[in-house]
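**Q** below are the sequence and a predicted model; questions follow.
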Amino acid sequence: MKEWMKTYQIFIALLILLFIVMVGASVMGAASIKVIDSARIILNQIPILGRWVTLDGISEAHIRIITSIRLPRMFLTLLVGFGLSVVGVAFQGMLKNPMADPFIIGTSSGAALGAAIAILFKFNRVILGLSMTSIFAFIGALAATLIVYQLAKVKEKVPVTTLLLAGIATGQFFSAILSFIMVLSTNDVATIVYWTMGSFSSRGWNHVQIVFIPILLGSAVIYILAKDLNLLLLGEDTAHNTGVDVEKVKGIVLVVGAFITAFAVSVSGIIGFVGLIIPHITRMIVGPDHRVLIPASGLIGGIFLIMADTFARTIISPTEIPVGIITALVGGPFFIYLLRRTKRMA
């Protein structure tokens, strides 16, 4: 009971922190909007609760700025951060490897290459509500993940060194193809460069609609596998002996992880290190149990990315820094720290 109460309190605290961060981020910019006005506008947008919060006394211009520009951008950032963090948790649990994340093992690069190919060939059609860009990004993400996993696998294990080498090699190979595409299509260079740096600039509610269901659905599938991921931490043989279909779980995690990453990249470009650093930070707070770790990492990842994106768009305003640069500046040193700690433990 005490453990349940502690978990409950952690999630309440994270939701409160998320609201505070969103309110704080929404008032940062050229328009001078009061914190209390921003909080009222955001609360007004929440179903059921919104009917109890009025917008009297708030200018129409400020309402439009929050609801049409800043709120959809923050919500999209939350979803992308949530998805990438959940995938990072799943990959690290499946591979029993602290270095695994959708950026390090090449999934993001594969998704970006797939999106670039769609841009090059002007595939603008929509099939079953999905853009061809998202479909190609999914194919690229899945291909990259499978290639890296097969290259890194030594018998039944995936050592840190081989995983890193496989991820770097595959990432560089896909980057070379991406550069070749940019040479072939100079008219699309600006659009393709966007994929390689990551940004939420000019994102709106239509982009939220694209990723909302895929990211939440994919995260739900991974959460269903939380107990299996817990058992995989004890070793594949132990997991198999307790009734876990290890290869099936791996296959599902790989496909769903690529699926989530593909949709995240399709609206934001490559945003590295979120799926690497957030799971580690979250483990320090909630422990290794994936039943708590997965949703907690998602929330903390979303909060982190909102803060990073706010910093990116305001630090040298009116010029906006791609958010991928900010996450790399934070994640790079953390990655070095992980390497050094792993070396000491070896």
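**A** Now that the structure is in, tell me what you want to look at. Numbering: from 1, shown residues only.

**Q** quick one: secondary structure of the most centrally placed residue in the chain?
**A** Centroid-nearest residue in the chain: residue 84, 2.3 Å away (criterion: C-alpha atoms, centre = their mean). In three-state terms, and counting by DSSP: H, G, I helix; E, B strand; the rest coil, residue 84 is helix.

**Q** distance of it from residue 294?
**A** 13 Å (C-beta to C-beta, to the nearest Å). In short, each C-beta sits where N, CA and C put it, glycine included.

**Q** before we move on, what about residue 183?
**A** Applying C-beta to C-beta to residue 183 and residue 294 gives a distance of 41 Å.

**Q** who has more neighbours out of these two?
**A** residue 294 (25 against 8; other C-beta atoms under 10 Å).

**Q** for the helix or strand residue 63 falls within, buried residues please.
**A** Take DSSP states H and E as the rule and residue 63 turns out to sit in helix 60-64. Buried residues in helix 60-64, counted by 16 or more other C-beta atoms under 10 Å: 62, 63.

**Q** what's that helix packed up against?
**A** For helix 60-64, the packing partners by 3 or more C-beta pairs under 8 Å, 6 or more residues apart in numbering; DSSP states H and E come out as helix 35-44.

**Q** which secondary structure elements does the helix it packs on sit against?
**A** helix 2-26, helix 60-64.

**Q** turn those helices into a markdown table, columns for mean pLDDT.
**A** Below are the helices and strands packed on helix 35-44 laid out as a markdown table (pLDDT from 0 to 100):
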| stretch | mean pLDDT |
| --- | --- |
| helix 2-26 | 91 |
| helix 60-64 | 89 |
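
**Q** make a markdown table out of those and add distance to residue 244.
**A** Formatted as a markdown table, the helices and strands packed on helix 35-44 follow (distance: least, C-beta to C-beta, whole Å):
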| stretch | distance to residue 244 |
| --- | --- |
| helix 2-26 | 23 |
| helix 60-64 | 51 |
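
**Q** residues contacting the residue of the chain positioned farthest from its centre?
**A** In the chain, the greatest distance from the average C-alpha position (C-alpha atoms, centre = their mean) is reached by residue 57, at 37.1 Å. For residue 57, no contacting residues are found, by C-beta atoms under 8 Å, 6 or more residues apart in numbering.

**Q** now it: which helix or strand?
**A** Counting by DSSP H and E, residue 57 is part of no helix or strand.

**Q** any idea how far it lies from residue 71?
**A** 19 Å.

**Q** residue 59 too?
**A** 16 Å.

**Q** more neighbours, these two?
**A** Neighbours per residue, other C-beta under 10 Å: of residue 59 and residue 71, the larger number sits with residue 71, 21 against 12.

**Q** surely that one meets residue 42?
**A** Yes: at 6.7 Å, residue 71 counts as touching residue 42 under the criterion of C-beta atoms under 8 Å.

**Q** common neighbours of these two, please.
**A** By C-beta under 8 Å, 6+ apart, the residues touching both residue 71 and residue 42 are 22, 26.
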